[in-house]
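Novice: I would like to see how this sequence folds:
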Amino acid sequence: MKLTDFSYDLPKELIAQHPAEPRDHARLMMYDRKSGAVEHRHFYDLAEELHEGDVLVFNDSRVIPARLYGKRLPTGGKVEVLLLTPVAEDSWEVLVKPGKKALPGTTLAFDGGMTAEVIDKTEFGGRILKFHYDGVFDDIIDAIGEMPLPPYIHEKMENPEEYQTVYARERGSAAAPTAGLHFTDELLEKIRAKGVEEVFITLHVGLGTFRPVEEENIEDHAMHSEFYSITKSAADTINQARTEGRRVIAVGTTSIRTLESAGTTGKLQAGSGWTNIFIYPGFTFHIVDALVTNFHLPESTLLMLISALSDRDKILHAYTLAVAEKYRFFSFGDAMFIR
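Specialist: Residues are numbered from 1 along each chain as shown. Predicted coordinates:
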């Protein structure tokens with residue numbers, strides 16, 4: 001399939017710059033993945049669409065303040081670093097701007113007395129940095145780092161917790177699993193009261209989720225690896241639901257990628273590891289029956305994923321309806337329930 005097969009026109013004014021307030025007052029498009037039929041609701045209506053015995057699967061990864069500003073030594077030239085993935089003790093895969101001036105051997109300096117040496121390049125255009133510091137790395141990052149908002153969000157975020165889900169626990173993501181941003185504690189209580197089970201898994205969002213597709217033939221795109229973890233309890237709950245014919249509903253594309261990475265045999269395997277799974281039309285789903293997700297960028301791997309769960313033409317038609325109805329798009333935007 002061609003990259004242009006996943007293009008659509010989106011007016012810039014529909015790109016959300018801030019989350020809905022309250023969170024669960026975002027709009028929700030109910031979408032039938034077989035027929036393509038849609039219904040326009042609000043996210044707080046989701047509880048009405050869930051049934052006793054359904055299993056909601058959440059990604060509990062927590063975003064770290066992964067954007068760091070520093071300077072090159074000895075010139076003092078400014079640099080911007082985005083932490084992606086820890087690769088060894090005190091060593092991280094990162095993106096650096098400007099990359100051309102961050103060659104191996106370069107030393108970078110940051111506030112708090114921390115420095116880093118560029119020790120290698122990566123095949124995806126990133127760098128490997130070895131950090132040197134006194135104290136606790138996480139504490140330093142919390143003190144000097146900024147939340148890594150996507151480039152299409154231009155308004156300043158006053159409260160960093162707006163870019164965290166209410167159930168975020170496991171530190172490690174460079175971007176939020178944004179479908180989960182719509183949930184409130186009150187909505188979760190209402191969902192539990194219906195007899196819906198909730199399961200938490202972890203995928204630390206990195207370059208694999210938001211790296212753009214540059215190849216015209218999408219099958220040639222190489223996904224970047226991201227770390228995931230599934231407990232035995234989570235796997236047992238999901239496998240039992242599947243055995244009993246109950247729905248497994250992923251909250252967000254990161255959840256669906258985790259589940260399908262560890263469920264290729266039709267049975268979800270507990271454990272942790274790295275996944276570079278690329279889901280696009282033609283993919284056979286083994287674990288997931290339905291998905292709660294946001295509206296995604298044109299020509300993105302996330303739009304390809306939801307097209308695989310349904311049908312590309314029907315999904316693009318639903319997106320056309322969303323534009324006409326002035327839904328809000330991307331990270332802080334509205335949501336779909338693909339069922």
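Novice: Lowest mean pLDDT among the helices and strands of the protein, which one is it?
Specialist: One helix or strand of the chain scores below all others by mean pLDDT, DSSP states H and E: helix 207-210, with a mean of 72.
Novice: State the mean pLDDT of the very next helix or strand once past that one.
Specialist: Using DSSP states H and E, the helix or strand that follows helix 207-210 towards the C-terminus is strand 226-230. What strand 226-230 shows for mean pLDDT is 96.
Novice: Which strands and helices lie in contact with strand 226-230?
Specialist: When contacts are defined as 3 or more Cβ pairs under 8 Å, 6 or more residues apart in numbering; DSSP states H and E, strand 226-230 packs onto strand 197-203, helix 207-210, helix 253-261, strand 271-275. Glycine gets a C-beta too; all of them are placed from N, C-alpha and C.
Novice: Kindly recompute the last result at 7 Å.
Specialist: Judged by 3 or more Cβ pairs under 7 Å, 6 or more residues apart in numbering; DSSP states H and E, the packing partners of strand 226-230 are strand 197-203, helix 253-261, strand 271-275.
Novice: Paired strands for that strand, with orientation please.
Specialist: When pairs are called by DSSP bridges, strand 226-230 turns out to pair with strand 197-203 (antiparallel), strand 271-275 (antiparallel).
Novice: Tell me which helix or strand comes right after that strand.
Specialist: Next element after strand 226-230 (DSSP H and E): helix 232-243.
Novice: in this protein, which spans are helices?
Specialist: Listed in chain order, the helices of the chain (DSSP state H) span residues 46-49, 137-144, 185-193, 207-210, 232-243, 253-261, 301-309, 312-324.
Novice: could you redo the helices and strands packed on strand 226-230 as TSV and give each row mean pLDDT?
Specialist: Formatted as TSV, these follow (pLDDT from 0 to 100):
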stretch	mean pLDDT
strand 197-203	98
helix 253-261	98
strand 271-275	96
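Novice: Name the stretch among these that sits most buried.
Specialist: helix 253-261 (a mean of 27; mean count of other Cβ atoms under 10 Å).
Novice: one step back: among the helices and strands packed on strand 226-230, which is nearest residue 33?
Specialist: Among those, the nearest to residue 33 by Cβ to Cβ is helix 253-261 (12.6 Å).
Novice: Mind giving me the packing neighbours of that closest one?
Specialist: Against helix 253-261 (3+ Cβ pairs under 7 Å, 6+ apart) you get strand 55-59, strand 197-203, strand 226-230, helix 301-309.
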